[in-house]
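Trainee: Curious how this folds, go ahead:
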Amino acid sequence: MKKIYITRNFYSTLVVTLLVCNMALAHDGKTHENQLVDTLQAVTTDAVVNATKKSVWGENYFPNSTLITQDGERVKFFDDLIKDKVVAINFIFTSCVDSCPLETARMKEVGEILGDRVGKDIFFYSISIDPETDTPAVLKAYKEKFKIGSNWKFLTGDKADIINIRKKLGLYLEYLQTGEEEDLENHNLNLIIGNQSTGRWMKSSPFENSYILASQLGDWLHNWKTVTAAKNSYAEAPQLRQLDPGEKLFRTRCSSCHKFGEEGVGPDLLAVTENRDHVWLKRWLKEPDKMLAEKDPLAVNLFNQYKISMPNMRLSAQDVDDIITYMALETKRLRL
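Mentor: Presented below is the predicted three-dimensional model:
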């Protein structure tokens, strides 16, 4: 909120206002001191409200550009999407083979934790940074691949308008521009959450824990208005254990799409280290995009079955070994 500077004119106006109030309220039973307090509170409240309306986080800052949803609906960025709302906004492109699928899967996981609050008091928006390719129909198909409901909008629009929105949100990196075209292959991982009415905004990582993101959106950005009154006992807290490197990687990179013992966005990973050739599995974790481009039969079959490309997570050889070790140990643990 901007500072309110009180000028000599303000004091002159206040004196006149007080005289008028004193005359108008002379017979309402209040003392002059009460009248003075009431008047000061009224003037201060009006000033704060006016300053908030003109704040840097209001309609004078954010563009009100027209965007188009996956269903072809035209909406205004400020008026329809973010005004007085708690929002999660990320920027994607549907041909992305690494971070975008991961980020979408992570946001879906967060949405499942928040439940029916998404679309009511928390709003999810994914905006394409490749609008020439990502038409409403393309975005709708992408959304359906992830089995995302109607409470989350995918949007496209004019490229210049989208760049302007990204700049205003602090999510546009100039050094990724190459001539007139953006370097999509190395685009910024950009998820931002915020409450427009309070001016609270923060960038987040798609690798963030889903429960932390859900708490930030559902509690912190709502000023903790929805926190349950129930108190939990420390005696009932679960016993924490040390996570090995493979499990840490799996939780941040893989758990949004994969589970053990059931299918998620991707295939069930129970016994995957036993059912897949070890050499094939190592390469699949390291460079799935190349294997799909080479028409590897198993890679093509997985894509045709799940309709989503396995993202290239830029894992090192050690990372791959750690994840494979964890998947084998988790399978063993679940069988006990």
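
Trainee: so residue 136 sits right up against residue 72, yeah?
Mentor: Yes: contact criterion C-beta atoms under 8 Å: residue 136 and residue 72 qualify, at 5.0 Å. No exception for glycine: its C-beta is placed from N, CA and C like everyone else's.

Trainee: out of the two, which sits in the more crowded spot?
Mentor: residue 136 (17 against 10; other C-beta atoms under 10 Å).

Trainee: Look up how far residue 241 lies from that one.
Mentor: Residue 136 sits 46 Å away from residue 241, taking C-beta to C-beta, to the nearest Å as the criterion.

Trainee: what does residue 209 give?
Mentor: 16 Å.

Trainee: Near the closest residue to residue 137 other than its chain neighbours, how many other residues are there?
Mentor: What sits nearest to residue 137 in space, not counting adjacent residues and going by C-beta to C-beta, 6 or more residues apart in numbering, is residue 70, at 8.0 Å. Per other C-beta under 10 Å, the neighbour tally for residue 70 reads 25.

Trainee: Which pLDDT does the model give residue 70?
Mentor: Predicted confidence (pLDDT) for residue 70: 98.

Trainee: Same check on residue 174?
Mentor: Model confidence at residue 174 (pLDDT) stands at 71.

Trainee: same question, the one 3 residues further on
Mentor: Listed pLDDT for residue 177 reads 57.

Trainee: now residue 263
Mentor: In this model, residue 263 is scored at 89, pLDDT.

Trainee: now swap in the one 4 residues further on and tell me
Mentor: Per-residue confidence at residue 267 stands at 94 (pLDDT).

Trainee: I figured it hits residue 310, correct?
Mentor: No: Residue 267 is beyond contact range of residue 310, at 9.7 Å (criterion: C-beta under 8 Å).

Trainee: These two: who's more crowded?
Mentor: Per other C-beta under 10 Å, whichever of residue 267 and residue 310 has more neighbours is residue 310, with 23 against 15.

Trainee: quick revisit: look up the residues that both of residue 267 and residue 310 are in contact with.
Mentor: Listed as contacting both residue 267 and residue 310 by C-beta atoms under 8 Å, 6 or more residues apart in numbering are residue 302.

Trainee: Once you drop chain neighbours, what's closest to residue 313?
Mentor: residue 253 (5.0 Å).

Trainee: how close does that neighbour sit to residue 103?
Mentor: 11 Å.

Trainee: per-residue confidence for the residue lying closest to residue 133 once chain neighbours are set aside?
Mentor: Nearest residue to residue 133, sequence neighbours excluded (C-beta to C-beta, 6+ apart): residue 95, at 6.5 Å. What the model reports as pLDDT for residue 95 is 89.

Trainee: Quick one: residues contacting the most centrally placed residue in the chain.
Mentor: By C-alpha atoms, centre = their mean, the chain has its centre lying nearest to residue 88, at 3.3 Å. By C-beta under 8 Å, 6+ apart, the contact set of residue 88 is 107, 110, 122, 123, 124, 125, 191, 192, 193, 213, 217.

Trainee: State the number of residues packed around the last one.
Mentor: Close neighbours of residue 217, defined as other C-beta under 10 Å, add up to 27.

Trainee: Secondary structure element for it, which one?
Mentor: helix 210-218 (DSSP states H and E).

Trainee: Quick check: buried residues in that helix?
Mentor: 210, 213, 214, 215, 216, 217, 218 (16 or more other C-beta atoms under 10 Å).

Trainee: Distance from that helix to the middle of the chain?
Mentor: 10 Å (C-alpha atoms, centre = their mean, to the nearest Å).

Trainee: any idea which helix or strand comes after it?
Mentor: Of the helices and strands lying after helix 210-218 in sequence (DSSP H and E), the nearest is helix 245-249.

Trainee: in this structure, which spans are helices?
Mentor: All helices of the chain, identified by DSSP state H, fall at 8-24, 32-53, 99-114, 136-145, 159-168, 210-218, 245-249, 272-275, 278-286, 288-293, 297-306, 317-335.

Trainee: most neighbours per residue, which of those?
Mentor: helix 99-114 (a mean of 22; mean count of other C-beta atoms under 10 Å).

Trainee: For that helix, give me every contacting residue.
Mentor: By C-beta under 8 Å, 6+ apart, helix 99-114 touches 88, 90, 92-94, 118, 122, 124, 126, 146-148, 151-152, 187, 189, 191, 206-208, 210-211, 213-214, 217-218, 253, 255-257, 265, 308-309, 311, 313.

Trainee: May I see the ChimeraX selection of the buried members of the residues you listed?
Mentor: Listed next is the ChimeraX selection for buried residues among the contacts of helix 99-114, using 16+ other C-beta under 10 Å:
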select :88,90,92,93,94,118,122,124,126,146,148,152,187,189,191,206,207,210,213,214,217,218,253,255,256,257,265,308,309,311,313
